[in-house]
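K.L.:
heads up, no residue letters with this:
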């Protein structure tokens, strides 16, 4: 399984030995099994510590930030985004990565606005989910290709068009808030 973890993108070489515990919130069993199988043998160790079929089940069992969970991987079910559920998951205090099949700039940008630390498409390489999981505990987010494209396009109606320098200043200011 170590070969599978490495092939999928999870680091398999010794280095940073800090383990990352993940809760998976997704309505599809294959996503739970797949993430757990892919994480086996990863270094630093990614361990799936909890499985939830939906956001409400997670919120019922994890009403507040728990030290046993470092990151929540949230896969919205169905054909529409679940922004209200995403906001609720983020409000608990966990870093949340949206892992979805929904590919639309507006959905991605609204997910980030709702509090997600990263957005990864299920169709993107597993490497991107792995890097997003590792980065979720740090002040520097991992930007998967779909997220980069959405940020670049900025097609959300009402979103201001910022110059390159204005974006740099805004990002620096937001990052400074994380360190407060």
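P.N.:
Good, I have the coordinates. Remember, predicted model here, so these are calculated numbers, not experimental data. Numbering: from 1, shown residues only.
K.L.:
tell me where this structure has helices.
P.N.:
2-8, 29-39, 55-61, 83-92, 105-113, 126-135, 145-153, 164-178 (DSSP state H).
K.L.:
verify the stated contact: residue 53 with residue 27.
P.N.:
Yes: using C-beta atoms under 8 Å, residue 53 is in contact with residue 27, at 5.5 Å. From N, CA and C alone the C-beta is placed, and that goes for glycine too.
K.L.:
hang on, the earlier thing: tell me which of the helices of the chain sits most buried.
P.N.:
helix 126-135 (a mean of 22; mean count of other C-beta atoms under 10 Å).
K.L.:
let me know the pLDDT of the closest residue to residue 170 other than its chain neighbours.
P.N.:
Closest residue in space to residue 170, ignoring its immediate chain neighbours: residue 162 at 6.7 Å, by C-beta to C-beta, 6 or more residues apart in numbering. Looking at residue 162, its pLDDT stands at 78.
K.L.:
repeat for the one 5 residues further on
P.N.:
Predicted confidence (pLDDT) for residue 167: 82.
K.L.:
ok, it to residue 154 distance?
P.N.:
Separation of residue 167 from residue 154 (C-beta to C-beta, to the nearest Å) stands at 9 Å.
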